[in-house]
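Student: I'd like to go over a predicted model; first the sequence, then the structure.
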Amino acid sequence: MADRPKGKGKGKVIQLSDAPSGPDDPDGYPLVRDDWERGDRPLSRVSMTSTPFGFTSLEPVVLADVVGTATAEAEERAVVDEPKHKNLFQNNAGRIRDDPIEFAKFLSGYAQGSGWRAYTDYIGPRIMYEGYSAKCIHDLLNSPTVSAKIQELSVQRLATLHLDPSVNKEQKLAELEQQMRDVTYDIAIHLCARMDSAPFLRFFGALVNNILVRMYNQGIHISLDEYKAFRQVAVHAAKKKQTLLILPCHKSHIDYLTISWLFYRLGLSIPHIVAGDNLNMPILGTWLQKCGAFFIRRSFGDDALYPVVVKEYIEQLVENGMNIECFIEGSRSRTGKLLPPKLGILKYVVEAFQKGRTEDVWICPISVQYDKVLETESYLNELLGNPKEKESLTGLLLNTRVIQLKLGRIDVRFKEPFSLKGYIAEQTERRAEMRRRTPGMEFNAKREQDVLLRSLGYQVLSDINKAAVIMPAALVGAVMLTIRGRGVGRNELIKRVSWLRNAIEARGGRVAEFAGMEIPEVVDRALAVLKDVIGHHTDLIEPTFFPISRFELSFYRNQIMHLFVSEAMLAATLYTHVKAGGAAPSQRMQRSKVLSELSFMSRLLQNEFVYGTEGLEANAIATIASLEKDEVILIEGDLIGLSPKERATGRENFDFYCFLLWPFVEVYWLAAVSLFALTPTGEPPSSSETVAWYAEKSFQKSAQALGKALYAQGDVSYLEAINQATLSNAFLRMVEFGVILTRKSSKQKGLPLMALHPDWVPKRSPDGSIAPEGRLWSFLERLGTFRREGKNRRDNSTVSTRVFNHCSAIAPPVLEWTTFSGIAGPASDFWAAKPNL
């Protein structure tokens, strides 16, 4: 690496001081600057006398107390790291009663700005100085792009006023422009981050540090090797005045605090954080804004000025080489797995580069994993369709009960950043080569830009998955939900967690390091963190654990899904024959049939998972070979089936893979069943108006109500099958296939409507009941073969009687009828064609 520039100033890399700690970078500066070590003095604690006055004093802790309490608690807070990992909370005093002197040193360090807390020597562009936000607002108001838009909108407004000829139009236009500038100023002061004060950053840093060290008592852990590579890119970007685009996954409100505190702690220029305006709450919203947050509306609506101002602000940040943080998923994942990418902010950054406002941008995928996510209980309520609680990060941080929780640890992992310039060049060449090899494939600028953004978004998701470490809670949660029976003994739980850990590592995944602790101890720690969702029988011959809340545990199980998607789909495909029973030879499948069923399932669940780029057939061949090597399946000529060894062990590994996918199959089955509720009960108003339109949001709520009834009656096996997020994904996939049509109402402004494509509308029997026939029925039958067989359920007979009666009960009213002309029809039965992957 080139020599590091010295001195202070915008766009410079600032020299670090302090003594080295651990592996250093090539420049000889410390990779992570240490906190102070605890001294050799005896620990102290707060004591109150028994007198009526209740005097408070400090007293030394006796040796027995040190051994019995203080040491154990300190060890819990400061898990010893392996040399390549670091706990950034090591030696932090979380509570004054633990050790008042150390806690006082902690506070004084922030108050005085000692060591790294001063935040005067950091890598990246200069921020946190008086007048920073005023400069940003000034630059935004005087931007040629914003000024041109103000003038354009003012002229349009003037044309609609129909002024009297005696009115001075130039004067009126000037007045309108001034009004628009006032509006722009109001947008700008609410939009721009207000990073004007380093002392405030120290105050907020101390607050966040104390909150996190108490909530996540086992610390924030990073990989030093990964951070070293990340910092080298940060140094290079700072020298070139280039932006680091920080793209973390998003599971919790704690993500905001963790990333910003981490950059502060590691001596990096704190990013400007894209945040929804729902977080711009009294007091805390201002605090977040002073530490880099800038709030934007969830929807821009018909406002022609607001998106221009927002885009220009982001482009100016890129032009000035400021770091930007944006959650690629758009909102918090309520299900534990990554959501499809939201590309709005990414689009602004890419266009800033394409316009030449910067030479390059560095894309930085980051994984943030928790032993326990604080909001899982509220996620459960939201996914079940209960009213969403108003966002209250303030309440969360000020809730003393929450702060006292011991939620384990946080692991932050850095995927090596990559150049946006290099990525675009590579993708442009790849697409050009594709056009050269494909006759009739012409260049379309809009389509190429859409493909670029989508591929970039999924590349980031893939990199986040690769960087992620699997936490012990995810291991235990996955095992608890992938075993048959009501519970599992401790020995079997340890055995399955050990198997799962090895399976993850064999697939290139990573499990969080716990300083060489044995699996039983890791399992015990995870059970302690998950004590609210996993119950414990202590009065049996062996300690036995059972799920209290399977739905909440699914959040942790889903965190390993990306590592086993291929195996889960193959297992679920083979299950379509296994569940039929009979002799082992009759349960085998032709390879071509396996590929056909995999094609169907992979296309259907495309919005749920991030697939590899190797294509369906190549991926299937590799997965079949892997499971054959693991002796889960047996290949005999062109036939694939379960191996004798897997049958002899009770299908425990095969069932593990099936249990991972079955809840998702159930969701899509429920979505398809609910569409039978859209069977018209009467004739259309005319022979030409044949498309019946229904209120979209109202129908999706009714579909969820149907799911709750079917779950209570045993027709749906998984409560999580009625979760709002995945059910919405299922309906969206039906829209993409052309099964569902969508548009806005022409009679009720802005109301989203949905309809079934005429080819997919079910028919009614002469007695008025829904007939089990047609395309939708055929699709449902195909999907039903993948479902887990229930003890009290027989798919076909149940669907065609009681379930259809429930569909009739939730049938929504028709709001509008239209003709079908001009609406594109769906492809032929989408499950019949092999996907072009």
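Tutor: Alright, I've got the coordinates.

Student: From now on I want contacts and neighbour counts done on CA atoms only, so please keep to that.
Tutor: Fine.

Student: So which residues of the stretch 301-450 of the chain form helices?
Tutor: Ranges of helices within the stretch 301-450 of the chain are 306-319, 344-354, 376-383, 393-398, 400-403, 420-437, 445-467, based on DSSP state H, counting those that start in this stretch.

Student: So which of those is nearest Phe89?
Tutor: Closest approach to Phe89 among the helices of the stretch 301-450 of the chain (C-alpha to C-alpha): helix 400-403, 15.7 Å.

Student: Next, the angle helix 344-354 makes with the longest strand belonging to the chain.
Tutor: Counting by DSSP state E, the longest strand found in the chain is strand 361-370. Interaxial angle of strand 361-370 relative to helix 344-354 (axes from the mean of the first three to the mean of the last three C-alpha atoms, to 10 degrees): 160 degrees.

Student: so strand 361-370 versus helix 445-467, what angle?
Tutor: With the same axes, to 10 degrees defining the directions, strand 361-370 sits at 40 degrees from helix 445-467.

Student: List the strands paired with strand 361-370, with their directions.
Tutor: Strand 361-370 pairs in its sheet with strand 243-248 (parallel), strand 410-414 (antiparallel), strand 418-419 (antiparallel), by DSSP bridges.

Student: Quick check: which of these is nearest to Val476?
Tutor: strand 410-414 (16.6 Å).

Student: so where do the strands sit in the stretch 101-250 of the chain?
Tutor: Along the stretch 101-250 of the chain, the segments classed as strands by DSSP state E, counting those that start in this stretch run 220-223, 243-248.

Student: Now do the longest one: everything it contacts.
Tutor: The set of residues external to strand 243-248 that reach it, using C-alpha atoms under 8 Å, 6 or more residues apart in numbering, is 234, 237, 271, 317-318, 320-328, 360-368, 460, 464.

Student: same thing with stretch 304-323?
Tutor: 11, 124-125, 140, 143, 145-146, 149-150, 184, 187-188, 191-192, 237-238, 241-246, 269-272, 296, 300, 324, 348-349, 352, 357-358, 361.

Student: what's the burial count for Ser252?
Tutor: Using other C-alpha atoms under 10 Å, Ser252 has 19 other residues around it.

Student: Please settle this for me: is it part of a strand?
Tutor: No. Judged by DSSP: H, G, I helix; E, B strand; the rest coil, Ser252 forms no part of a strand; its state is coil.

Student: Skip the chain neighbours and tell me the closest residue to it.
Tutor: Leaving aside its sequence neighbours, Ser252 sits nearest to Arg332 (C-alpha to C-alpha, 6 or more residues apart in numbering; 6.1 Å).

Student: The one you found and Lys251, how far apart?
Tutor: Counting by C-alpha to C-alpha, to the nearest Å, the gap from Arg332 to Lys251 is 5 Å.

Student: what about the helices in the stretch 701-837 of the chain?
Tutor: Taking DSSP H, counting those that start in this stretch as the criterion, the stretch 701-837 of the chain carries its helices at 724-737, 775-784, 795-798, 804-809.

Student: Any idea which of these has the lowest pLDDT on average?
Tutor: Sorting these by mean pLDDT places helix 795-798 lowest, at a mean of 56.

Student: for the stretch 501-650 of the chain, what are the low-confidence residue spans?
Tutor: 515 (pLDDT under 70).

Student: Can you list the residue ranges for strands in it?
Tutor: According to DSSP E, counting those that start in this stretch, the strands that the stretch 501-650 of the chain contains are 510-511, 534-537, 544-547, 589-590, 633-636, 639-642.
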